[in-house]
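Chemist: just to be clear, the model below is a prediction. Sequence and coordinates:
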Amino acid sequence: MSVGFFLRQDNNMIRIGYFVMSFALLVAGSAHETPQQVVTRYNNYKAICSGMGFENVRCKDLIVFQSSLTKALQNLKNQETVIFDKVSLNEGNAYDNISGIFTAPLDGIYSFTWTILTASGKYFVTELVLNGQRVAYNHADGRGHDGFPMTTSHAKIKIKKGDKVWIRATGNYGQYAHGGHYCYFSGEKL
């Protein structure tokens, strides 16, 4: 065996080592990250992978979005769509911040998370729907509490290309959701 063979193996092991260490540091992020911090961490991860020659390993079918509310919502009607109007990440362009609807560009299993912050004495009950059918609830209730109660809900669902997913108010419980980027809706194809 030639010396070049061993040097190539060593270089590959170093690249893999850097990749594993970088990935561990990036994934370990804080639970209190802002949307911009999530996007920055994602872009850093992407740059490291690209710099190490790992670009487009899984990125060609990457579908992920992160959105938030910029203004408070009050007195939403039953089944009114909650429109998370500020998009900080939208790889695959599947989330529409005008309608508030995510349209699946590919079949697969998707993971969705949404967080609602309400105010003391107020409430805001929502549900995640797939093609108009309820999948999961989120019940932010500040009645009888001081401060700003916050709740987060999560769902993993198998969907087909063209299926639509969104968040909507439930019953007459869309009383108050805080703006200022405290309420989030995000999703990704697994």
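Modeler: Ah, there it is. From a predicted model like this one, the values you see are computed outputs, not experimental measurements.

Chemist: strands along this protein, start to end?
Modeler: 64-68, 73-76, 86-91, 95-96, 101-103, 108-117, 123-130, 133-141, 150-159, 164-177, 184-189 (DSSP state E).

Chemist: out of those, nearest to Q37?
Modeler: Proximity to Q37 (C-beta to C-beta) singles out strand 86-91 among those, at 9.8 Å. The C-beta positions use only the backbone N, C-alpha and C, and glycine is treated the same way.

Chemist: which strands or helices does the closest one pack on?
Modeler: With contacts defined as 3 or more C-beta pairs under 8 Å, 6 or more residues apart in numbering; DSSP states H and E, strand 86-91 has these neighbours: helix 35-51, strand 64-68.

Chemist: tilt between the longest one and strand 86-91?
Modeler: By that I understand helix 35-51. 20 degrees (axes from the mean of the first three to the mean of the last three C-alpha atoms, to 10 degrees).

Chemist: which pLDDT does the model give V38?
Modeler: Confidence at V38, expressed as pLDDT, is 78.

Chemist: that one contacts Q66, doesn't it?
Modeler: Yes - V38 is within contact range of Q66, at 6.0 Å (criterion: C-beta atoms under 8 Å).

Chemist: please enumerate the shared neighbours of these two.
Modeler: Residues touching both V38 and Q66 (C-beta atoms under 8 Å, 6 or more residues apart in numbering) are S88, L89.

Chemist: neighbour count: the two, which is higher?
Modeler: More crowded of V38 and Q66, by other C-beta atoms under 10 Å: Q66, with 23 against 18.

Chemist: now that one: how far from F185?
Modeler: Distance, Q66 to F185, using C-beta to C-beta, to the nearest Å: 8 Å.

Chemist: what does A140 give?
Modeler: 14 Å.

Chemist: would you mind pulling the contact partners of stretch 76-88?
Modeler: Stretch 76-88 is contacted by residues 35-36, 38-39, 65-71, 73, 95, 97-101, 124, 126, 166-172, 174, 177, 181, 183-185 when judged by C-beta under 8 Å, 6+ apart.

Chemist: got the buried residues for that stretch?
Modeler: L76, V82, I83, F84, V87, S88 (16 or more other C-beta atoms under 10 Å).

Chemist: nearest to L106, of those?
Modeler: Once C-beta to C-beta is applied, the member of the buried residues of stretch 76-88 that ends up nearest L106 is V87, at 19.3 Å.
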